[in-house]
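Visitor: Below: sequence and its predicted model.
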Amino acid sequence: MDESIIAILATNTLDRPGQLSDATFVVYLVSENMPSPMGAYINPFSENTSALDNQQKNGGILYTWSELREQFSDK
């Protein structure tokens, strides 16, 4: 993907449904206990506290945008 032509990456988040957030600034929870519309059990959160609460309830690993890209770069 050539990022030089992308103006903004946006996503909906579980804690702010219906509102687009900059995908490079949200926190991603990957938990097999939380299916997601993104696939691969990836759920975005705009607030760290919401992500941590959901991680505590459902397990999983939290990622930043760059960590998530690195984790899934081979897929």
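Guide: Good, I have the coordinates.
Visitor: excluding its backbone neighbours, what's nearest residue 50?
Guide: Of all residues not flanking residue 50 in the chain, residue 15 sits nearest, at 3.9 Å (CB to CB, 6 or more residues apart in numbering). For glycine as for every other residue, the C-beta is placed from the backbone atoms N, C-alpha and C.
Visitor: neighbours around the one you found, how many?
Guide: Residue 15: 19 surrounding residues under other CB atoms under 10 Å.
Visitor: give me the low-pLDDT residue ranges for the chain?
Guide: By pLDDT under 70, the low-scoring segments of the chain are 1-3, 6, 75.
Visitor: Packing partners of the top strand by length along the chain?
Guide: When the chain is parsed with DSSP state E, its longest strand is strand 16-22. Contacting strand 16-22 under the criterion 3 or more CB pairs under 8 Å, 6 or more residues apart in numbering; DSSP states H and E are the following elements: strand 10-13.
Visitor: burial of residue 33, as a residue count?
Guide: Neighbours of residue 33 using other CB under 10 Å come to 11.
Visitor: Over to the one 10 residues further on?
Guide: Burial of residue 43, expressed as a neighbour count using other CB under 10 Å, amounts to 25.
Visitor: Does it fall in a helix, a strand, or a coil region?
Guide: strand (DSSP: H, G, I helix; E, B strand; the rest coil).
Visitor: ok, it to residue 7 distance?
Guide: 24 Å (CB to CB, to the nearest Å).
Visitor: With residue 40 instead?
Guide: On the measure of CB to CB, residue 40 and residue 7 end up 25 Å apart.
Visitor: And residue 27, by the same measure?
Guide: 22 Å.
Visitor: if you count what's nearby, which of these two comes out ahead?
Guide: Neighbours were counted for residue 27 and for residue 7 using other CB under 10 Å; residue 27 has more, 24 against 5.
Visitor: The more buried one against residue 62, yeah?
Guide: Yes. The pair residue 27 / residue 62 is scored as a contact, 5.7 Å apart, by CB atoms under 8 Å.
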